[in-house]
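**Q** mind looking at a prediction? Sequence and model below.
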Amino acid sequence: MRRLMLSVLLSACTSFAAAAPYAPPPRLEDGWAVADADRTGWKLPTLAAMEDAIADGAAPDTTSVLVARDGKLVYERYFNDGGRDVLNNTRSATKTITALLVGAAVDRGLIAGPQARVYGFFPDRTWRNDDPRKRDFTVEDLLTMSSQWECDDDNAFSAGNEERMYLSADWTQFVLDLPMKGYAPWMRRPADSPYGRAFAYCTANSFLLGAIVERVSGKSLAAFAREALEAPLGIRESVWGVSSEGVGMGGGGTTYRSRDLAKFGQLLLDEGRWQNRQVVSRDWIRAMTTVHAQARDDAEYGYQLWRFHFDVRGTRRDAWAMSGNGGNYVFVVPSERLVVVVTRTRFNQRDMHRQSQQLLSDYILKALP
């Protein structure tokens, strides 16, 4: 009995053990400046409470949390199977990187701009379900998830649902062939929607953006990403997926280290600059971080970017977010000069997104100086 009581006591002590003492992120040869959160006024007990909450299951399968403020890493923790050299599967957070690549192609004159016509990039193809309205589809329609294809990843019955695309032999053809969207009486048409766009989350949009980048650049999406983004950001390794026909998968699944994911957030925060180099034009970043569509009652959408709202000391703060299945996030809070990375492997589980957002709202934002 005494052994049993001792075992229970030790187990309880382990469950509620204090978080490991804070240590500033190390300065590495990866371009990141670092700072001491303790010396800069962060509330370390609140960050420690976040670590305890993760250990107690508040955000299962969390693998890393990183925080940068004013361009300096101030917090870096790895959990479970995470690590500094682990390549995290970002899932749909990849979509934001694809939008950055579209911007890089625009900057180079390879794409005329967001109003370029989508089907004009595929003169060698024919497609089913032809409709005059298809000829008017623009790159911006894809960037804002407001193309008028019948495509909705949140509807298993949708003709364009991503799971159907993955089973096809030619994903590019699958997307071009999609029928036009219809509207039931209770559905908002574009003209009746906020910002004049009817939003529907559709991975096919993002995939075709990547296919367009490949066509105009004459390079694989991975090769163009290395040249246009990864090399300037000092990112040495990533893995891009490809479709059945070998086209780069711009819609999800690219793997990056957590520190490298934070660089994408910093690039957005600093209007396309990294270490005094303009990697993507300021105009493009400003377009990406402008609201173009109402995604949900509580969230808006830019160019392959979500915008959420959080409370910081009684004031609403807007946060742009790269978001992926599993609860993967790169949050950018411009008013607080803040970038936060949360990587997780909680794929296809209820509450995965809410849990990651609560790590930001309940702990990190409350720990701000």
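**A** Structure's in. What do you need? Numbers count the residues shown, from 1 in each chain.
**Q** model confidence score at S15, please.
**A** Turning to S15, the model gives it a pLDDT of 37.
**Q** on the three-state scheme, the most centrally placed residue in the chain is what?
**A** Geometric centre of the chain, nearest residue: M322, 2.1 Å, by C-alpha atoms, centre = their mean. What DSSP: H, G, I helix; E, B strand; the rest coil gives for M322 is strand.
**Q** the one 10 residues further on too?
**A** Classification of V332 by three-state DSSP places it in strand.
**Q** the closest residue to it other than its chain neighbours: what's it in contact with?
**A** Leaving aside its sequence neighbours, V332 sits nearest to W320 (C-beta to C-beta, 6 or more residues apart in numbering; 4.5 Å). All C-beta spots, glycine's among them, are computed from the backbone N, C-alpha and C. Applying C-beta atoms under 8 Å, 6 or more residues apart in numbering to W320 gives the contacts 268, 289, 302, 305-307, 331-332, 334.
**Q** helix, strand, or coil at L100?
**A** helix.
**Q** just give me the neighbour total for it.
**A** L100 has 25 neighbours, counted by other C-beta atoms under 10 Å.
**Q** who's in contact with R189?
**A** 183, 198.
**Q** how much space separates E237 from V118?
**A** Applying C-beta to C-beta, to the nearest Å, the value for E237 to V118 is 32 Å.
**Q** what residues go with each domain of the chain?
**A** 23-86+257-367, 92-231 (automatic domain parsing).
**Q** give me the beta-bridge partners of the residue nearest to V332?
**A** Judged by DSSP bridges, the bridge partners of W320 are R307, V332.
**Q** number the chain from 693, please
**A** Renumbered: residue one is now 693, and that last one reads W1012.
**Q** any idea how far it lies from H1001?
**A** For W1012 relative to H1001 (C-beta to C-beta), the value is 11 Å.
**Q** next: K955.
**A** K955 sits 25 Å away from H1001, taking C-beta to C-beta as the criterion.
**Q** so these two - more neighbours on which side?
**A** Neighbours were counted for K955 and for H1001 using other C-beta under 10 Å; K955 has more, 27 against 12.
**Q** from the chain's centroid, how far away is the helix or strand in which the more buried one is found?
**A** Assigned by DSSP states H and E, K955 belongs to helix 950-961. Put simply, helix 950-961 sits 10 Å off its chain's centre (C-alpha atoms, centre = their mean, to the nearest Å).
**Q** what mean pLDDT does that helix get?
**A** 98.
**Q** what's the first helix or strand after it?
**A** Downstream of helix 950-961, the next assigned helix or strand under DSSP H and E is strand 965-966.
**Q** pull the number of nearby residues for the nearest residue to L779 once chain neighbours are set aside.
**A** Nearest residue to L779, sequence neighbours excluded (C-beta to C-beta, 6+ apart): T947, at 3.8 Å. Counted with other C-beta under 10 Å, the neighbours of T947 add up to 18.
**Q** which residues does T947 form a beta bridge with?
**A** Bridge pairing for T947 - DSSP bridges - gives N781, V931.
**Q** ranges for the strands of the protein?
**A** Counting by DSSP state E, the chain has strands at residues 725-726, 754-761, 764-770, 780-781, 947-948, 965-966, 969-970, 985-988, 991-993, 998-1004, 1007-1016, 1020-1025, 1030-1036.
**Q** need those in CSV (columns: distance to Y875).
**A** Formatted as CSV, the strands of the chain follow (distance: least, C-beta to C-beta, whole Å):
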stretch, distance to Y875
strand 725-726, 51
strand 754-761, 40
strand 764-770, 46
strand 780-781, 35
strand 947-948, 38
strand 965-966, 42
strand 969-970, 42
strand 985-988, 16
strand 991-993, 19
strand 998-1004, 24
strand 1007-1016, 27
strand 1020-1025, 32
strand 1030-1036, 36
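**Q** what's the closest of those strands to P713?
**A** strand 764-770 (11.7 Å; C-beta to C-beta).
**Q** quick check: mean pLDDT of the closest one?
**A** 98.
**Q** that one - which strands sit beside it in the sheet, and in what orientation?
**A** Sheet pairing of strand 764-770 (DSSP bridges) gives strand 725-726 (parallel), strand 754-761 (antiparallel).
**Q** quick one: distance of that strand to the chain centre.
**A** Distance, centroid of strand 764-770 to centroid of chain: 19 Å (C-alpha atoms, centre = their mean).
**Q** tell me the buried residues in it?
**A** 764-770 (16 or more other C-beta atoms under 10 Å).
**Q** what's that strand in contact with?
**A** Contacts of strand 764-770 (C-beta under 8 Å, 6+ apart): 714, 716-717, 724-729, 732, 734, 739, 743, 755-760, 776, 778, 950-951, 954.
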